[in-house]
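Asks: A structural model of the following input is requested.
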Amino acid sequence: MLTEQTNNNSAGFGQRTANYLLHLAGWQVSPFPDLKQAIVVGGPHTSNWDGVLGILSAATLGVHSRIMIKNNLFKWPLAPLLRKLGGIPIDRSRSTGVVEQAAALFGQYHKLVLIMTPEGTRTRAPRWKTGFYHIANKACVPIVLATADYVKKQVTFPLVLQPSGNLEADMHRMYQCFASVIPRHPDKLSAPVKVLWDKQHGIGHD
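Replies: Numbers count the residues shown, from 1 in each chain. Sure, this is the predicted structure:
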């Protein structure tokens, strides 16, 4: 299996350490939804600290998440480390595309939590990449939104979305969730989220 709940013997120390570090920094993490398979979309992504929070939150919750990485990086000496960190090799040169390969993984493993970053960058992305949505739709698995609010210091999972097939409507619901929290750098929000965020905070656009 690619992902499973950590047990007390193998991961207790790491889980306690992550929990301690988050507590020391004043952060709280909500329980992860009771799902065996899901694609987790984290954000808003405006700082390198977002990744640190994601790693610590996953460790605290005892959820072994996985992330897709280009297969040509899985060579010695990086391969063992990448796999230990949750990397899954994806071959972009294959006739079947990334969406098909990723969707197939959910048919191979009973438990799989796959992390994807639709914004692609922490600095004002003009649009989201939609590959995560097409993977979830094809694999018939839910999308879980993970948000970090830097004022409340809370990591939460405000939306579990089963793709409806209406990309525009579903994406708008996700934009709204990201716009409902305060990121580390609001000025670096992705364009579709920034429009909603500014509206909620009374910031006009020319």
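
Asks: what is the rounded mean pLDDT of the lengthiest helix in the chain?
Replies: Looking across the chain with DSSP state H, the single longest helix is helix 8-24. Across helix 8-24, pLDDT averages out at 79.

Asks: From the chain's centroid, how far away is that helix?
Replies: Here helix 8-24 is found 20 Å from its chain centre; the criterion is Cα atoms, centre = their mean, to the nearest Å.

Asks: mean confidence for the helix or strand that comes right after that helix?
Replies: Next helix or strand after helix 8-24 toward the C-terminus (DSSP states H and E): strand 28-29. The average pLDDT within strand 28-29 is 96.

Asks: from now on call the first residue 6
Replies: With the count now opening at 6, the last piece we talked about shows up as strand 33-34.

Asks: What lies in contact with strand 33-34?
Replies: The contact list for strand 33-34, computed with Cβ atoms under 8 Å, 6 or more residues apart in numbering, reads 27, 62, 65-66, 158-161. The C-beta positions use only the backbone N, C-alpha and C, and glycine is treated the same way.

Asks: What is the distance between it and the centre of its chain?
Replies: 16 Å.

Asks: Tell me the helix or strand right after that strand.
Replies: Following strand 33-34 in sequence, per DSSP H and E, is strand 42-48.

Asks: ok, the contacts of strand 33-34 vs residue 17, which is closest?
Replies: The closest of the contacts of strand 33-34 to residue 17 turns out to be residue 65 (Cβ to Cβ; 11.9 Å).

Asks: who touches the host helix or strand of that closest one?
Replies: Residue 65 belongs to helix 54-66 when assigned by DSSP H and E. With contacts defined as Cβ under 8 Å, 6+ apart, helix 54-66 is touched by 16, 19-20, 22-24, 26-27, 32, 34, 36-37, 47-49, 69-70, 120, 127, 151, 153, 160, 188-189.

Asks: Identify each buried residue in the longest helix of the chain, please.
Replies: 20, 23-24, 27 (16 or more other Cβ atoms under 10 Å).

Asks: now swap in stretch 151-161 and tell me
Replies: 151-155, 160-161.

Asks: now the end-to-end length of that stretch.
Replies: 6 Å (Cα to Cα, to the nearest Å).

Asks: Stretch 106-119 now?
Replies: First residue to last in stretch 106-119 (Cα to Cα) measures 13 Å.

Asks: cool, and stretch 89-106?
Replies: By Cα to Cα, one end of stretch 89-106 lies 20 Å from the other end.

Asks: Right, I'll call it a day here.
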